[in-house]
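J.: generate coordinates for the sequence data below:
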Amino acid sequence: QVQLVESGGGLVQAGGSLRLSCAASGRTFSSYTMAWFRQAPGKEREFVARVNWRGGSTVYADSVKGRFTISRDNAKNTVYLQMNSLKAEDTAVYYCAAGKPESYDNWGQGTQVTVAS
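T.: All right, here's what the predicted structure looks like:
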């Protein structure tokens, strides 16, 4: 098991940028695939991006491709989500997850991102 704590959310104008961080506790962090999901009001949670354990392989949802970048620093037990060119439709609670691509067993509490148009 790994404990996850997200930070970096907030209010930003459309076109702006934010960087989310997810700090993990546990010695097995580097063995997990890490991912970001988001859930907008009234909608189901959706996949945003993931990065493999080494950091060399990333996958993005089409809606964020070219605007968001996921990365990880295993020495710091942290995964990041750099979000650029933000749109109003990016408004959501963003969650960090750890596990396998087909099943994430560990979730953070979420951080709110609000993009004002």
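J.: which helix or strand in the protein has the lowest average pLDDT?
T.: For the chain, the helix or strand with the lowest mean confidence is strand 103-107, at a mean of 93 (criterion: mean pLDDT, DSSP states H and E).
J.: count the neighbours of Val115 for me.
T.: Val115: 19 surrounding residues under other CB atoms under 10 Å. All C-beta atoms are positioned from the backbone trio N, CA, C, and that covers glycine.
J.: restrict stretch 44-53 to CA atoms and write it as PDB.
T.: Taking Å, rounded to 0.1, in the frame of the first residue of the first chain, the C-alpha atoms of stretch 44-53 are listed here in PDB:
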ATOM      1  CA  GLU A  44     -18.000  10.100 -13.800                       C
ATOM      2  CA  ARG A  45     -14.300  10.000 -13.000                       C
ATOM      3  CA  GLU A  46     -12.200   9.900 -16.100                       C
ATOM      4  CA  PHE A  47      -8.600   9.000 -16.900                       C
ATOM      5  CA  VAL A  48      -6.200  11.900 -17.600                       C
ATOM      6  CA  ALA A  49      -2.700  10.500 -17.900                       C
ATOM      7  CA  ARG A  50      -0.400   7.800 -16.600                       C
ATOM      8  CA  VAL A  51       3.300   7.100 -16.400                       C
ATOM      9  CA  ASN A  52       5.100   3.800 -16.000                       C
ATOM     10  CA  TRP A  53       7.300   3.000 -13.100                       C
END
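J.: need the contact list for the residue nearest to the spatial centre of the chain.
T.: The centroid of the chain falls nearest to Trp36 when counting by CA atoms, centre = their mean (2.9 Å). Contacts for Trp36 (CB atoms under 8 Å, 6 or more residues apart in numbering) come out as Leu20, Cys22, Val48, Ala49, Arg50, Ile70, Val79, Leu81, Tyr94, Tyr95, Cys96, Ala97.
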